[in-house]
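> I'd like to go over a predicted model; first the sequence, then the structure.
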Amino acid sequence: MTDSVLIEGLAVEAVIGVYDWEREVTQRLVVDLEMGWDNRIPGASDDVVDALDYATVSERVTHWLQQARPQLLETAAEGLAVMIQADFGVPWLKLTLRKPGAVPTARAVGVRIERGLQ
Ligand SMILES: Nc1nc2c(c(=O)[nH]1)N=C([C@H](O)[C@@H](O)CO)CN2
């Protein structure tokens with residue numbers, strides 16, 4: 001199944017980082033998500049109940065990142081993937097998590113993971 005639902009450039013202020021100073025501040029994270037979903041069903045019903053609601057997923061991702069306070073981007077990405085697959089029934093996803101302020105000479109640094117079967 002090649003259909004998907006997208007969330008691009010979701011900005012979240014959260015505590016993340018391995019250094020002591022990073023535990024005292026929030027930093028900007030930017031989330032890009034592609035989530036497998038059969039869009040033929042909502043496409044036929046025109047009912048959001050059948051859709052993967054990107055607004056609800058965005059809220060849950062934001063809340064998860066703000067309460068988790070992970071050290072590593074890898075930990076955050078893994079936890080988000082588990083939550084999205086379990087809570088929304090998403091069969092596969094590609095998640096990119098960027099930390100734009102981490103390396104001043106780079107536009108952004110980050111990690112990308114894919115989970116599940118496409
Ligand atoms: N692969 C990673 N490398 C680093 C991470 C990370 O989360 N994943 N984090 C840091 C620090 O927290 C850094 O962002 C502080 O500027 C270093 N390397």
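Nice, thanks for sending it over. Quick caveat: nothing in here was measured; it's all calculated off a predicted structure. Numbering: from 1, shown residues only.

> For the most centrally placed residue in the chain, which three-state class applies?
Nearest to the mean C-alpha position of the chain, by Cα atoms, centre = their mean, lies residue 31 at 4.9 Å. With DSSP: H, G, I helix; E, B strand; the rest coil as the basis, residue 31 sits in strand.

> measure it to the ligand for me?
The spacing between residue 31 and the ligand, counted by Cβ to the nearest ligand atom, to the nearest Å, is 14 Å. Any C-beta I mention is one placed from the backbone N, CA and C, and that applies to glycine too.

> for that residue, which residues make a bridge with it?
With DSSP bridges as the criterion, residue 31 is bridged to residue 10, residue 97.

> That one contacts residue 14, correct?
No. Residue 31 is not in contact with residue 14 according to Cβ atoms under 8 Å; the separation is 10.4 Å.

> got any residues that touch both of the two?
Residues touching both residue 31 and residue 14 (Cβ atoms under 8 Å, 6 or more residues apart in numbering): residue 65.

> Could I get the contacting residues of residue 25?
Contacts of residue 25 by Cβ under 8 Å, 6+ apart are residue 15.

> and what of the one 10 residues further on?
Contacts for residue 35 were tallied using Cβ under 8 Å, 6+ apart; they are 4, 5, 6, 7, 52, 57, 84, 88, 90, 92, 93.

> coming back round to it: quick one: the residue nearest to the centre of the chain from residue 38, how far?
23 Å (Cβ to Cβ, to the nearest Å).

> so where do the helices sit in the chain?
For the chain, applying DSSP state H gives helices covering 40-45, 54-68, 73-88.
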